[in-house]
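In: everything below, folded, please.
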Amino acid sequence: MKKERKRKVIRSSRKGYIPYYLMAIIIGTILIYIKLKGLPLPRNLLITSIIFMILLIKSTEIHRLTHHYDLTPHTLEKVEGIFFQKVKRMNYGSISQLHLTQNPLEKLLNIGTIEIAQFSETIRTDIKNINKPKELLHEISKMIKREE
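Out: As a prediction, this is how the structure comes out:
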(Lines give C-alpha, C1' and ligand atoms only; values in the text may rest on other atoms or scores of the structure.)
Protein backbone atom coordinates (compact mmCIF):
# COMPACT_ATOMS: atom_id res chain seq x y z
CA MET A 1 0.00 0.00 0.00
CA LYS A 2 1.37 3.38 -1.03
CA LYS A 3 1.74 6.00 1.67
CA GLU A 4 0.08 9.33 0.84
CA ARG A 5 1.85 12.61 1.50
CA LYS A 6 0.00 14.68 4.04
CA ARG A 7 -0.30 18.35 3.18
CA LYS A 8 -1.84 21.00 5.36
CA VAL A 9 -2.92 24.24 3.67
CA ILE A 10 -2.82 27.44 5.72
CA ARG A 11 -4.53 30.61 4.52
CA SER A 12 -4.74 34.11 5.95
CA SER A 13 -7.69 34.58 8.26
CA ARG A 14 -10.61 36.77 7.26
CA LYS A 15 -10.13 38.43 10.65
CA GLY A 16 -6.98 40.04 9.24
CA TYR A 17 -9.10 41.86 6.67
CA ILE A 18 -11.41 43.49 9.25
CA PRO A 19 -10.19 47.05 8.44
CA TYR A 20 -11.22 46.57 4.80
CA TYR A 21 -14.60 45.11 5.76
CA LEU A 22 -15.14 48.01 8.18
CA MET A 23 -14.39 50.47 5.38
CA ALA A 24 -17.07 48.83 3.20
CA ILE A 25 -19.55 48.90 6.12
CA ILE A 26 -18.87 52.58 6.82
CA ILE A 27 -19.35 53.51 3.16
CA GLY A 28 -22.58 51.48 3.05
CA THR A 29 -23.83 53.09 6.26
CA ILE A 30 -23.13 56.58 4.92
CA LEU A 31 -25.00 55.78 1.70
CA ILE A 32 -27.99 54.45 3.65
CA TYR A 33 -27.96 57.52 5.93
CA ILE A 34 -27.94 59.87 2.93
CA LYS A 35 -30.83 57.99 1.31
CA LEU A 36 -32.91 57.88 4.52
CA LYS A 37 -32.44 61.61 5.17
CA GLY A 38 -33.47 62.41 1.62
CA LEU A 39 -30.22 64.24 0.91
CA PRO A 40 -29.09 64.56 -2.69
CA LEU A 41 -26.95 61.63 -3.81
CA PRO A 42 -25.72 61.65 -7.41
CA ARG A 43 -26.45 58.37 -9.18
CA ASN A 44 -22.82 58.08 -10.38
CA LEU A 45 -21.55 58.36 -6.80
CA LEU A 46 -23.98 55.70 -5.61
CA ILE A 47 -23.00 53.28 -8.38
CA THR A 48 -19.28 53.97 -7.89
CA SER A 49 -19.55 53.41 -4.13
CA ILE A 50 -21.39 50.11 -4.55
CA ILE A 51 -18.88 48.90 -7.15
CA PHE A 52 -16.01 49.93 -4.85
CA MET A 53 -17.49 47.99 -1.91
CA ILE A 54 -17.99 44.88 -4.04
CA LEU A 55 -14.47 45.05 -5.50
CA LEU A 56 -13.01 45.63 -2.04
CA ILE A 57 -14.61 42.50 -0.62
CA LYS A 58 -13.89 40.40 -3.73
CA SER A 59 -10.23 41.46 -3.86
CA THR A 60 -9.64 40.52 -0.22
CA GLU A 61 -11.14 37.11 -0.90
CA ILE A 62 -9.10 36.65 -4.08
CA HIS A 63 -5.94 37.58 -2.18
CA ARG A 64 -6.80 35.06 0.54
CA LEU A 65 -7.34 32.28 -1.97
CA THR A 66 -4.29 32.98 -4.15
CA HIS A 67 -1.77 33.25 -1.29
CA HIS A 68 -1.42 30.23 0.96
CA TYR A 69 1.16 28.10 2.74
CA ASP A 70 1.50 24.33 2.51
CA LEU A 71 2.96 22.30 5.35
CA THR A 72 4.26 19.03 3.96
CA PRO A 73 6.19 16.37 5.89
CA HIS A 74 9.58 17.79 4.79
CA THR A 75 9.02 21.34 3.54
CA LEU A 76 7.09 24.54 4.11
CA GLU A 77 5.88 26.02 0.83
CA LYS A 78 4.68 29.57 0.21
CA VAL A 79 2.38 29.57 -2.82
CA GLU A 80 1.27 32.74 -4.63
CA GLY A 81 -0.94 33.09 -7.69
CA ILE A 82 -3.29 30.97 -9.75
CA PHE A 83 -2.28 31.14 -13.42
CA PHE A 84 1.31 32.23 -12.85
CA GLN A 85 2.18 30.44 -9.67
CA LYS A 86 5.23 31.23 -7.57
CA VAL A 87 6.27 28.62 -5.00
CA LYS A 88 8.93 29.25 -2.37
CA ARG A 89 10.00 25.98 -0.74
CA MET A 90 11.88 25.82 2.55
CA ASN A 91 13.16 22.61 4.06
CA TYR A 92 12.49 22.41 7.77
CA GLY A 93 16.18 21.67 8.33
CA SER A 94 17.13 25.07 6.87
CA ILE A 95 14.89 27.06 9.22
CA SER A 96 16.88 28.65 12.02
CA GLN A 97 14.39 30.93 13.79
CA LEU A 98 10.66 31.40 14.22
CA HIS A 99 9.12 34.61 15.57
CA LEU A 100 5.48 35.28 16.40
CA THR A 101 4.23 38.87 16.19
CA GLN A 102 0.84 39.95 17.54
CA ASN A 103 -0.46 43.39 18.41
CA PRO A 104 -3.18 43.71 21.09
CA LEU A 105 -6.04 43.53 18.56
CA GLU A 106 -4.50 40.46 16.92
CA LYS A 107 -4.16 38.81 20.33
CA LEU A 108 -7.82 39.47 20.98
CA LEU A 109 -8.80 38.01 17.59
CA ASN A 110 -6.29 35.12 17.98
CA ILE A 111 -4.45 35.90 14.74
CA GLY A 112 -0.82 36.77 14.14
CA THR A 113 2.21 36.74 11.88
CA ILE A 114 4.96 34.13 12.03
CA GLU A 115 8.33 35.25 10.71
CA ILE A 116 10.55 32.43 9.50
CA ALA A 117 14.30 32.94 9.14
CA GLN A 118 16.54 30.48 7.37
CA PHE A 119 20.15 29.92 8.37
CA SER A 120 21.25 32.57 5.94
CA GLU A 121 19.76 35.50 7.87
CA THR A 122 18.92 37.38 4.69
CA ILE A 123 16.14 34.96 3.73
CA ARG A 124 12.97 35.62 5.69
CA THR A 125 9.36 34.65 5.05
CA ASP A 126 6.25 35.92 6.80
CA ILE A 127 3.09 33.90 7.29
CA LYS A 128 0.67 36.77 7.85
CA ASN A 129 -2.71 37.04 9.58
CA ILE A 130 -3.24 33.39 10.37
CA ASN A 131 -5.67 31.89 12.86
CA LYS A 132 -4.23 30.25 15.97
CA PRO A 133 -0.63 31.28 15.27
CA LYS A 134 0.76 29.69 18.44
CA GLU A 135 -0.53 26.28 17.35
CA LEU A 136 1.08 26.67 13.94
CA LEU A 137 4.32 27.87 15.54
CA HIS A 138 4.42 24.69 17.68
CA GLU A 139 3.58 22.52 14.66
CA ILE A 140 6.41 24.00 12.59
CA SER A 141 8.77 23.64 15.58
CA LYS A 142 7.90 19.94 15.81
CA MET A 143 8.62 19.50 12.10
CA ILE A 144 11.99 21.25 12.52
CA LYS A 145 12.93 19.01 15.46
CA ARG A 146 11.86 15.91 13.53
CA GLU A 147 14.17 16.89 10.67
CA GLU A 148 17.22 17.30 12.94
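
In: so for Glu80, what's the pLDDT?
Out: At Glu80, the model reports a pLDDT of 91.

In: same question, the one 5 residues further on
Out: Per-residue pLDDT puts Gln85 at 90.

In: can you tell me the element Ile62 falls in?
Out: Using DSSP states H and E, Ile62 sits within helix 43-66.

In: got the contact list for that helix?
Out: 11-12, 14, 17, 20-21, 23-24, 27-28, 31, 80-82 (CB atoms under 8 Å, 6 or more residues apart in numbering). All C-beta spots, glycine's among them, are computed from the backbone N, C-alpha and C.

In: can you select the buried ones from the residues you listed in ChimeraX?
Out: If you want just the buried ones from these in ChimeraX, going by 16 or more other CB atoms under 10 Å, the selection is:
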select :12,17,24,31
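
In: tell me the one among the contacts of helix 43-66 nearest to Phe119.
Out: The nearest member of the contacts of helix 43-66 to Phe119, counting by CB to CB, is Glu80 at 23.2 Å.

In: surely that closest one is in contact with His67?
Out: Yes: contact between Glu80 and His67 holds when scored by CB atoms under 8 Å: they sit 5.3 Å apart.

In: next, give phi and psi for Asn91.
Out: Main-chain dihedrals, Asn91, degrees, to the nearest 10: phi -70, psi 140.

In: separation between it and Tyr69?
Out: Distance from Asn91 to Tyr69, counting by CB to CB, to the nearest Å: 14 Å.

In: those two: which is more packed in?
Out: Remark: of Asn91 and Tyr69, Tyr69 carries more neighbours, 22 against 13, as counted by other CB atoms under 10 Å.
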